[in-house]
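# Model the following, please.
(2 chains)
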Protein chains: 2
Amino acid sequence: MNEQPNEPMNNKMNNKRNEQHGNLKVLTGVSFNRIHIEDGFWSPRLQISKDVTIKACLDMCEKTGRISNFDKAAGRMDGEFSGIYFNDSDVYKVLEGAAYSLMHNPDHELESYADEIIDKIAAAQQDDGYLNTYFTLVAPDKRWTDMERHEDYCAGHLIEAAVAYYKATGKRKFLDVACRLSDHMYNVFIEGKRHWVVGHQEPELALVKLYHVSGDERYLQLAWWFLEERGRGYGVGEGIWGKTEWGPKYCQDDKPVGEMSDIGGHAVRAVYMYTGMADVAAVTGDRRYIEALDRLWSSTVNRNMYITGGIGSSKENEGFTEDYDLPNDSAYCETCASVGMVYWNHRMNLLHRKGIYADVLERSMYNGALAGVSLDGKKFFYVNPLMVKGEHNRQEWYDCSCCPTQISRFIPSIGNYVYAADDNSIYTNLYISGTADIALGNGRVKLTQNTRYPWEGSVNITVEPLDITGFGMKLRFPGWCRSCSVKINNTIVHDIKFRNGYISLEREWASGDSVTLEFDMPVEMVHADPRVKANQGRTAIQRGPLVYCFEELDNSKGLDDIVLGSDVKFFTEYRPGFLGGVVVIHVQCGEKTYTAVPYYAWNNRGPGGMQVWMKEA
Amino acid sequence: MNEQPNEPMNNKMNNKRNEQHGNLKVLTGVSFNRIHIEDGFWSPRLQISKDVTIKACLDMCEKTGRISNFDKAAGRMDGEFSGIYFNDSDVYKVLEGAAYSLMHNPDHELESYADEIIDKIAAAQQDDGYLNTYFTLVAPDKRWTDMERHEDYCAGHLIEAAVAYYKATGKRKFLDVACRLSDHMYNVFIEGKRHWVVGHQEPELALVKLYHVSGDERYLQLAWWFLEERGRGYGVGEGIWGKTEWGPKYCQDDKPVGEMSDIGGHAVRAVYMYTGMADVAAVTGDRRYIEALDRLWSSTVNRNMYITGGIGSSKENEGFTEDYDLPNDSAYCETCASVGMVYWNHRMNLLHRKGIYADVLERSMYNGALAGVSLDGKKFFYVNPLMVKGEHNRQEWYDCSCCPTQISRFIPSIGNYVYAADDNSIYTNLYISGTADIALGNGRVKLTQNTRYPWEGSVNITVEPLDITGFGMKLRFPGWCRSCSVKINNTIVHDIKFRNGYISLEREWASGDSVTLEFDMPVEMVHADPRVKANQGRTAIQRGPLVYCFEELDNSKGLDDIVLGSDVKFFTEYRPGFLGGVVVIHVQCGEKTYTAVPYYAWNNRGPGGMQVWMKEA
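Next up, the predicted model:
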């Protein structure tokens, strides 16, 4: 789409790219617009997302003045800026969600409404490409002076929304706004030779998306440059760097990104940054980035992640304290951070082609992230503890409403995480029913997936190749599962290749060939690393990808008096009408019976205590 | 059947019975003659048992002179006693097996042949009821002078065979022989007021069987008296008591049975004795016996049992050494001892109504016992190690051939262990397809069980009640299983009662009601008690009730070089034509693949190493 000749890339970045990229074979994610989801678990959620969540978020964006800020900035309406300085981002995030949603559930009314809002956004863009209603309305002369004021963060969300809307509808208006804004940033920082540290990471990953859709290498370079600026003492501004208890570490500005090893600071900023690093490294092949990401991933997943896939144990910094400090009652586990874990682990999977990253993605998606929204799609958790003694309820909106709008864009985006591919293999990462149309080498393959996942472990995938026959189907053997059987055309496969977490089936595929996977899905009693003090002598219940919890509603007060003995037995029961249809687990312990429900479904029947990690005899 | 007035029971026994039996509610096993097995796993084994094993054992009994010893003792044939002094027992054991087999597979020829042998046995019985061909032919004047010479042991096997043959065919001739022999023993010991310690326990449990089928309390009293004689210094004779390294402990004569706590000595003698104790206690209610059995069971199962359900780690005494001494390569694990574990645990289950005993029964049955016979039914293990580096092969016969004849009577007897009942409940202990006709209160219930157990965890049981509707179905939740679902008439059961290892379904049953159980059956990695030195740093693979092993044939030399890491994954594959049809487990460990097969099926494809407990990373 971008016809103009690309700017030459920064030499340093180009050098890395040429030197190091030879060995790196990165997967391509199969984008949501190649996927049609028709799934017992997810389709109702996509419908609710469209009918309720996105609408409710748009309503709140209207009511709170987030949308009229654009009219005001465009001079179409009088009045002052309303709300917090990063409120533009919420509008972009809901629009991004609307874009994904239009693929699953075309909706002329929603699309027209989105077009109207995009018109307002476009009208608010300044002649030089700058776009931020807070600065335009409040302090037009202070543009790009305070690194903490989220101008770049909002720009990133605009870019993500614009790319999604372009992919979903083919309409370019929003994308052009994004390009102009990105060009503006390129001019200010790269051409202007200014130092700048992004206060809340987000534009990095967004700019790589824009690079991929536009082909314009300046956007990649800017993303890379934003990352490279960090940890060199350039970070100054209000709010973060100055606060002694936070300092540069809070926003990951304490050392160059390629030297990082331990996750720290604000959780959402951290995972957004790692996502951007992975996106950049996937193109440049920078081993320094990849090795840093590997260290950071190990630090996160092995020492700082909750069983729900949530991260960030402390309310104080909305982030990390020290390794293995994972309290259950005061767990912060911001919904946005769980969604960020999906983003980051998706990129790690593409980089390394290993199922283990999709395992973490799935854990964060089905537990930490999904708990962020009520079953009716109307209410949201910002904070997701694993133990509640008093009350902790979802709310319809927050002053800082990043989590509701995060959910509004995340749920309809799940198509992005189902498949990935290279020239001769399709990687199936998630088990979700529906169809996909996947470009493979010089051909295409249509896949039809059928499963009752996450309630049952059976998956059937039918293959229809077009202009290609010899290719590999790589099927993730989920981390929660220990044993399975594999059939092709109803005949068991004897000689299975298994590598990096994938069952690898290579053959000449014929139209209608079907692969059947039977993943054993018993109830499991899981134990934490013994260094996690909060979980010593405790066990959590998991079945398939779902972590379970105990609610007072089903049991009684005093959940922490429950002790699960070694003789505990579990009865599973799929209840269609209960909590939107869930497998309930009846826990038999001696002559006592308790009931556990999926963690994501808790707090949907009124207030009450909840607990994930139970005492064990 | 026994018309004469019973002798008064020994007062002491009667007193216990009256005092203590009030609280004891003992289950009744549903006898094999009420069961018809039609099962994918067991029916072929029953057929092979009849066509091959029983025939082969009868042939060997003929060839080795075991049967002609009876002709000689009857004066129908000239010649000396042939073989070992307890060889009569082998003939009885095969006849017992033939009796069970006739229920599953009626066979006129086999029945006629059994009748002929029974005629010979009856002819060899002395006028006073005595029957032992060794003493009659070799030392008629030494009858009942050497406690170790197995006259009582052989008598016990005669009684068991006679009871089984009576139940299977309704013919009384053999049973009458058994009664006359038992009367003889009663006269010699009880009437004769002689002290006597049974050298190799067996008549105790047999006499209780005879008591139940005849109603003659003298047989119960004699069983009880045999047990009570032990541990009081009466034991003398050749072979055992005199040997300093063995002494009275070898045959459990070191203390009164009611005072015992720790299993020790010869394994088969021990479990036969415990079986007899449980049989006596089930009638008398003697708490001293029951408490001793509970201690002995804990000693056995928690500290001295292999994962295969085998017991007896030492070749020296064919039995026990010290707690947790469970070497794999030098494991003795006599086939007879594993079968004895089935007998004992069956009785413990009836006494206590707890599923845990059927769990052990199942473990011993599907692993330690079943490994005792080749798939073609022709060859037998006496010793069942869990690790073989060189050669260890099944043989067609042994000079001391207790194990082959044990298998010949055990396999067709499995119908005895499927169900148990009291007045208002049916306990399902094993999952084996077929039908059962069970007396319950004043009515009867016909059950039809359908399952692919042990390969799959689904079980369907259809209920047809006659003259009774309100009763309980108690379904064992297998110990190997952690989670299941339960349906009645295809509707999931919400409110399950679970107690003592049984799923309890109580309702008014209608004809055709069906219960469906889905037991999750993943591959499991099992760990031994850390005090078992041989298994430190090792893991074994189990799926459902089956323990798996690695054979060199499927892998390579150096099985102990295999190390299973934490990332190991299992692919299960049911191979119909392989090893009689088994689920093979392909073990994926990094990029290495190994193959595991059911332990019971090992050494069926020629010689080679084998290993159960594998190194673990």
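
# Look at A:E552 and report its pLDDT.
What the model reports for A:E552 is a pLDDT of 97.

# Helix, strand, or coil at the one residue in the stretch 251-400 of chain A that gets nearest to chain B?
When scored by C-beta to the nearest C-beta, the stretch 251-400 of chain A has A:I356 as its residue closest to chain B, at 8.6 Å. The C-beta positions use only the backbone N, C-alpha and C, and glycine is treated the same way. Here A:I356 is recorded as helix under DSSP: H, G, I helix; E, B strand; the rest coil.

# For stretch A:530-537, what does the pLDDT average out to?
Mean predicted lDDT for stretch A:530-537 stands at 97.

# and A:I503, what element?
A:I503 is located in strand A:502-508, with elements delineated by DSSP states H and E.

# Can you tell me how far A:D78 is from A:K533?
Noted for A:D78: a distance of 57 Å to A:K533, by C-beta to C-beta, to the nearest Å.

# Of the two, give the one with the bigger neighbour count.
A:K533 (11 against 7; other C-beta atoms under 10 Å in any protein chain shown).

# Quick one: residues contacting the more buried one.
Contact analysis of A:K533 by C-beta atoms under 8 Å, 6 or more residues apart in numbering or on different chains lists A:Y324.

# For chain A, give me the ranges with low pLDDT.
A:1-12, A:14-23 (pLDDT under 70).

# Spell out which parts of it neighbour chain B.
Applying C-beta under 8 Å from any C-beta of the partner chain, we find that chain A lies next to chain B at A:477, A:481-486, A:492-494, A:496, A:498-499, A:520-525, A:543, A:568-575, A:585-586, A:588, A:591, A:593.

# Going through those residues, which ones are buried?
A:477, A:481-486, A:492-493, A:496, A:498, A:520-524, A:543, A:568-573, A:585-586, A:588 (16 or more other C-beta atoms under 10 Å in any protein chain shown).

# Now the terminal residues of stretch A:595-605, how far apart.
End-to-end distance of stretch A:595-605 (C-alpha to C-alpha, to the nearest Å): 15 Å.

# buried stuff in it?
Buried residues in stretch A:595-605, counted by 16+ other C-beta under 10 Å: A:595-604.

# And the helices in the stretch 351-500 of chain A?
A:355-363, A:402-410 (DSSP state H, counting those that start in this stretch).

# for the nearest residue to the residue of the stretch 251-400 of chain A closest to chain B once chain neighbours are set aside, what are its contacts?
Excluding its sequence neighbours, the residue lying closest to A:I356 (C-beta to C-beta, 6 or more residues apart in numbering or on different chains) is A:G501, at 5.5 Å. Counting by C-beta under 8 Å, 6+ apart, A:G501 touches A:354-356, A:358-359, A:476-477, A:479.

# try it again with 6 Å
By C-beta atoms under 6 Å, 6 or more residues apart in numbering or on different chains, A:G501 lies in contact with A:354-356, A:477.

# Ok, A:F471 next?
Contacts of A:F471 (C-beta under 6 Å, 6+ apart): A:424, A:440.

# how does it look with 8 Å?
A:424-426, A:440-441, A:445, A:465, A:506, A:509.

# Helices of the stretch 51-200 of chain A, start to end?
Secondary structure of the stretch 51-200 of chain A (DSSP H, counting those that start in this stretch): helices located at A:55-63, A:68-73, A:88-104, A:108-124, A:133-138, A:151-169, A:173-185.

# Can you add mean neighbour count and give these back as CSV?
Formatted as CSV, the helices of the stretch 51-200 of chain A follow (neighbours: other C-beta atoms under 10 Å in any protein chain shown):
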stretch, mean neighbour count
helix A:55-63, 19
helix A:68-73, 23
helix A:88-104, 27
helix A:108-124, 17
helix A:133-138, 21
helix A:151-169, 26
helix A:173-185, 23
